[in-house]
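Q: Give me coordinates for this.
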Amino acid sequence: MYHFFTDASLIDGHDIYIEGSDYNHIRNVLRLRPGEVVSVSDGVSEDEYRCHIEDFEDSRVHLRLDFIKKADAELPVRLTLFQGLPKADKMDFIVQKAVELGIAEVVPVELSRCVTKPDEKKKLSRVQRWNTIAEAAAKQSKRAIVPKVQKVMSLGEALEYAKNIDHKLIPYELSEDGSSAGMILENIRPGESACIFIGPEGGFEEAEVEAARNAGFTDISLGKRILRTETAALVVLSWFIYLFEIRK
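A: Next comes the predicted model:
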């Protein structure tokens, strides 16, 4: 079953509409026809609308609601990924896979050792592309919400943004007294929030880790091997899936 997102303003009782690029995708690419069943979310609530296609209007698809299903594709912990900007297209991969694994929000962070340092115009265009990737990944994985990729932040902005998050983790390979990740994750409860701060290819500077510690982050170990930046976040997200969805 195909899954799509629409704006809440286009949900009117039993009548639901899809506009924009998805109109062309549904009608001319997928070639769906009236009567076929699809699922729709508004990208904010966890309601999943099971619908059938009623007809095609000039610029939108008219759906008719069959029933509402409470979606169960979201993790019970709201997770935010603070990701040090990687080079090339690695961020595309990170956003896509993080959304598939259940992240609620991604915050790109420009750090001292980031290889790529785009100007403001490029930052804006890349954030737009990452949000497009996030929406596509949310559709593919049948998420109820579309995780948002925030603007590129400085370290100070990111730490301020994280101040109200319940559990703050920063994997750091040079930590001599990093806490046990397993012990920390065991203390996280459904309904709470957590975040992971991943460094870029060159890793964190000690001063950046110290600033994060002062802002309430706990440094943890990800094991005995050094992981690439595009691997590290996915490892931690996989732990959350194990704890809250597999090992119940």
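Q: residues of stretch 201-215 that come out buried?
A: The neighbour-count check on stretch 201-215 (16 or more other Cβ atoms under 10 Å) flags 201, 203-204, 208-209, 211-212, 215 as buried. Heads up, the C-betas are built off the backbone N, CA and C, glycines and all.
Q: now those in a markdown table, with pLDDT and distance to residue 193?
A: Putting those into a markdown table (pLDDT from 0 to 100; distance: Cβ to Cβ, whole Å) gives the following:
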| residue | pLDDT | distance to residue 193 |
| --- | --- | --- |
| 201 | 90 | 28 |
| 203 | 89 | 26 |
| 204 | 91 | 22 |
| 208 | 95 | 22 |
| 209 | 93 | 21 |
| 211 | 96 | 20 |
| 212 | 96 | 16 |
| 215 | 96 | 15 |
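Q: Need these in a markdown table (columns: secondary structure and distance to residue 33).
A: Listed next are the buried residues of stretch 201-215 as a markdown table, based on DSSP: H, G, I helix; E, B strand; the rest coil; distance: Cβ to Cβ, whole Å:
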| residue | secondary structure | distance to residue 33 |
| --- | --- | --- |
| 201 | coil | 48 |
| 203 | coil | 53 |
| 204 | coil | 53 |
| 208 | helix | 55 |
| 209 | helix | 56 |
| 211 | helix | 57 |
| 212 | helix | 53 |
| 215 | coil | 54 |
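Q: now those residues in a markdown table, with distance to residue 93?
A: A markdown table is the format used below for these (distance: Cβ to Cβ, whole Å):
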| residue | distance to residue 93 |
| --- | --- |
| 201 | 13 |
| 203 | 19 |
| 204 | 21 |
| 208 | 23 |
| 209 | 25 |
| 211 | 27 |
| 212 | 24 |
| 215 | 28 |
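Q: and which of these is nearest residue 161?
A: Distance to residue 161, by Cβ to Cβ, is smallest for residue 215 among the buried residues of stretch 201-215, at 10.1 Å.
Q: Return the list of helices and strands in contact with the lowest-mean-pLDDT helix or strand in the chain.
A: Ranked by mean pLDDT, DSSP states H and E, the weakest helix or strand in the chain is helix 181-186, scoring a mean of 76. On a contact count with 3 or more Cβ pairs under 8 Å, 6 or more residues apart in numbering; DSSP states H and E, helix 181-186 meets strand 167-171, strand 218-220, helix 229-241.
Q: and residue 137, what helix or strand is that in?
A: Residue 137 belongs to helix 120-140 when assigned by DSSP states H and E.
Q: Got the domain ranges for the protein?
A: Structural domains annotated on the chain: 3-70, 78-246, as defined by automatic domain parsing.
Q: just those domains: most buried one?
A: domain 78-246 (a mean of 17; mean count of other Cβ atoms under 10 Å).
Q: first vs last residue of that domain, how far apart are they?
A: Taking Cα to Cα, to the nearest Å, the first and last residues of domain 78-246 lie 17 Å apart.
Q: And for stretch 98-112?
A: 23 Å.
Q: cool, and stretch 164-172?
A: Stretch 164-172: ends 22 Å apart by Cα to Cα.
Q: And for that stretch, what's in contact with it?
A: 80, 162, 178, 181, 184, 187-188, 192-199, 204, 209, 212-213, 215-222, 232, 236 (Cβ atoms under 8 Å, 6 or more residues apart in numbering).
Q: for stretch 238-248, same thing?
A: 75-77, 79, 101-102, 181, 185-186, 188, 190, 194.
Q: Need these in TSV (columns: secondary structure).
A: Formatted as TSV, the contacts of stretch 238-248 follow (DSSP: H, G, I helix; E, B strand; the rest coil):
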residue	secondary structure
75	coil
76	coil
77	coil
79	strand
101	coil
102	coil
181	helix
185	helix
186	helix
188	coil
190	coil
194	strand
